[in-house]
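>>> missing the sequence, but the structure's below:
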């Protein structure tokens, strides 16, 4: 029935799903949005683990270390996608909450334009400068060949590196947002064994599998935004044209996420270089293996932050500050409870988890020790990103800057450099120490902005009147 109504109206409005973001009870709404986003990113976590398993078993520790060396470069590319996606998602959800679908369409279209231009530039520049880039990232004679082959493929596929699931979530389309994660990951998991083992392509097969999955996601997003009619808005040529005020808001809102991702890339590069100098390729491979396990372990925390954003952004657009505050409070409690459980499980099951991925005695011993040192970080790993995402969702860019980019520059990197005097164990121990400090800072900023005791946003008279006058179905 909903689909027929959308077609009868020319596909200009699809009200039911966005409206639920402002009317459904907050607890139930968060369970629905966060469960689907957690499942989505959890599926990606499964891919990260399976990819590590295939590379480790087929190519060995050196191949796994080579693949991990490219992580900072991939984080830089992902920084653009995440930044414009999060900023665009905030603009879309607030625009739909304020009954302005034209502004929502323009925000989505400009997000596509910014990403495609940046991805093309990054891909071309990366291919031309790949050798000096690998040197900067800590490549050695043992890892350079595999890292070069893997990097060439991923940089060539840069324009396919996102499906903009954050823009889909912004209008409450959680099911399709989930498919944007699930379908490419299933493609990647299917291609990896075929290309790595069946075709004997090694790390090249891993790269081709990744790009193949990304292409599926990119194609799905093009269909969703540019072709499908039964939606609140559609993106066309006019919406792709750069619009000054929209671009400025995208860049300002997306800057905290971009700087955070770039900072994470710098942090990874510094850690890789320190571990290469202090321990060698096997130590880097152990760190890479723990990173994949940690990525999977923190997926629910990422899902909670992503599921919170459309709820907070839409209700901010309506002026429903109390609902925004309630959603943030519930999300924080959940992410802390999960973090405690994840930390305990990783400490107890470190050895059997590592044994799944490698039978190499040296790699196994180092990875088990590293995982136990890193595990306490996951207790508070979700707090900083969730608080930063909350401020971004409601358009508060100042606190988001401080929590995301500021903590990397002021806390994480300085702590990593300070702890390296204690060897590889010190480098690894710096991560949970920094995570604890970041969580404390994030919670203090949220408290200062009345996140616990008042309303995070104050509804204006006009927005309150508009919300009161709006019919439930609108």
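Okay, I see it. Bear in mind the structure is a predicted one, so any value in this text is a computation, not a measurement. Numbering: from 1, shown residues only.
>>> Residue 200: what secondary structure?
In the three-state summary, residue 200 is assigned as coil, counting by DSSP: H, G, I helix; E, B strand; the rest coil.
>>> tell me, what residue is most central in this protein?
residue 82 (6.3 Å; CA atoms, centre = their mean).
>>> who's in contact with the closest residue to that residue other than its chain neighbours?
Nearest non-adjacent residue to residue 82, counting by CB to CB, 6 or more residues apart in numbering: residue 257, 5.2 Å away. For glycine as for every other residue, the C-beta is placed from the backbone atoms N, C-alpha and C. Under the criterion of CB atoms under 8 Å, 6 or more residues apart in numbering, the neighbours of residue 257 are 79, 82-83, 86-87, 388, 392, 400, 404.
>>> can you tell me which of those residues are in helices?
Using DSSP state H, the subset of the contacts of residue 257 located in helices is 79, 82-83, 86-87, 388, 392, 400.
>>> Kindly provide the distance from residue 122 to residue 115.
10 Å (CB to CB, to the nearest Å).
>>> Repeat that for residue 46.
In terms of CB to CB, residue 46 sits 25 Å off from residue 115.
>>> If you count surrounding residues, which of those two has more?
Shown here are residue 46 and residue 115; by other CB atoms under 10 Å, residue 115 has more neighbours (23 against 16).
>>> how far out from the middle of the chain is the helix or strand containing the more buried one?
Element membership for residue 115, per DSSP states H and E: helix 101-128. Taking CA atoms, centre = their mean, to the nearest Å, one finds the center of helix 101-128 at 17 Å from the center of the full chain.
>>> buried set for it?
For helix 101-128, burial by neighbour count (16 or more other CB atoms under 10 Å) applies to 101, 103-116, 118-119, 122-123, 126.
>>> Residues touching stretch 140-158, excluding its own?
Under CB under 8 Å, 6+ apart, the answer for stretch 140-158 is 59, 62-63, 65-67, 69-70, 73-74, 77, 119-120, 122-123, 126-127, 130-131, 133-134, 137, 139, 202-204, 206-208, 210-211, 214-215, 276, 281.
>>> Now a PyMOL select for only the buried ones of those.
Buried residues among the contacts of stretch 140-158 (16+ other CB under 10 Å), as a PyMOL selection:
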select buried, resi 59+62+63+65+66+67+69+70+73+74+77+119+122+123+126+130+133+134+137+139+202+203+204+206+207+208+210+211+214+215+276+281
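>>> Which ones among the contacts of stretch 140-158 map onto strands?
If you go by DSSP state E, the contacts of stretch 140-158 have nothing in strands.
>>> Can you show me the helices along the stretch 101-250 of the chain?
For the stretch 101-250 of the chain, the helices defined by DSSP state H, counting those that start in this stretch cover 101-128, 130-136, 144-156, 165-169, 174-193, 203-222, 237-240, 244-278.
>>> Turn those helices into a markdown table, including distance to residue 229 and mean pLDDT.
As requested, the helices of the stretch 101-250 of the chain are exported to a markdown table (distance: least, CB to CB, whole Å; pLDDT from 0 to 100):
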| stretch | distance to residue 229 | mean pLDDT |
| --- | --- | --- |
| helix 101-128 | 13 | 90 |
| helix 130-136 | 42 | 87 |
| helix 144-156 | 33 | 89 |
| helix 165-169 | 16 | 84 |
| helix 174-193 | 14 | 86 |
| helix 203-222 | 14 | 89 |
| helix 237-240 | 15 | 87 |
| helix 244-278 | 23 | 83 |
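>>> wait, isn't residue 169 in contact with residue 34?
No - here residue 169 does not reach residue 34: they are 10.7 Å apart, not a contact under CB atoms under 8 Å.
>>> who touches both of these two?
306-307.
>>> Same drill for those two, tell me which one is more crowded.
Neighbours per residue, other CB under 10 Å: of residue 169 and residue 34, the larger number sits with residue 169, 28 against 24.
>>> so where's the stretch 301-450 of the chain shaky on pLDDT?
450 (pLDDT under 70).
>>> one more time with 50
By pLDDT under 50, the stretch 301-450 of the chain contains no weakly predicted segment.
>>> Going along the chain, name the strands of it.
Along the stretch 301-450 of the chain, no segments are classed as strands by DSSP state E, counting those that start in this stretch.
>>> Which among the ones in helices among the contacts of residue 257 count as buried?
Taking 16+ other CB under 10 Å as the criterion, what is buried in the ones in helices among the contacts of residue 257 is 79, 82-83, 86-87, 388, 392, 400.
>>> No further queries at this time; thank you.
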